[in-house]
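Enquirer: Got a predicted structure here, sequence first:
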Amino acid sequence: MINVQPLRPERNSIHDDTCPSFQEALDLVGRRWAGSILAAAAQGARRFGDYRAAIDGISDRLLTQRLKEFEANGLIERTVIPSTPVQIRYDLSADGKALLRALQPLTKWSVQRSARRAP
């Protein structure tokens with residue numbers, strides 16, 4: 001959790017040991033299509049085609065890129081199933097599931113905010 005303290009006049013910069021990792025997490029989930037991919041995984045998408053079918057408008061190139069990023073960051077586990085043809089499965093890791101749980105309050109907040117701002 002970010003340690004939020006009032007700014008003191010003698011401090012003109014914000015420094016907290018958690019800021020770099022928090023910013024990294026925000027950058028990761030804030031990338032284009034990241035939320036949609038995580039939502040599709042939470043709803044049961046396991047194969048590339050499942051993700052593509054669940055997410056309208058995403059390109060194959062961008063989907064591939066995001067899945068690789070999530071795998072590299074330990075949010076998705078990629079499994080190669082030796083068959084003919086070879087099958088690839090993408091499953092949320094324990095960290096990926098924890099991230100989704102952590103994002104639920106933010107999702108709720110954003111929906112409530114949108115409802116208040118709607119004409």
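Expert: That came through, no problem.
Enquirer: who's in contact with stretch 59-72?
Expert: Stretch 59-72 is contacted by residues 28, 31-34, 37-38, 48, 51-52, 55, 76-78, 90, 96 when judged by C-beta atoms under 8 Å, 6 or more residues apart in numbering. Where you see a C-beta, it was placed from the backbone N, CA and C, and this is true even at glycine.
Enquirer: Which positions within it qualify as buried?
Expert: Neighbour-count burial for stretch 59-72, counted by 16 or more other C-beta atoms under 10 Å, picks out 63, 66-67, 70.
Enquirer: Just the residues contacting the longest helix seen in the chain, thanks.
Expert: Determined from DSSP state H, the single longest helix within the chain is helix 94-117. With C-beta under 8 Å, 6+ apart as the test, helix 94-117 has contacts from 25, 29, 38, 41-42, 70, 73-76, 92.
Enquirer: which one of those residues has the most neighbours?
Expert: Among the contacts of helix 94-117, residue 70 has the most neighbours (other C-beta atoms under 10 Å), with 26 neighbours.
Enquirer: In contact with the residue nearest to the spatial centre of the chain: list those residues for me.
Expert: Geometric centre of the chain, nearest residue: residue 29, 3.8 Å, by C-alpha atoms, centre = their mean. Residues in contact with residue 29 (C-beta under 8 Å, 6+ apart) are 35, 38, 99, 103.
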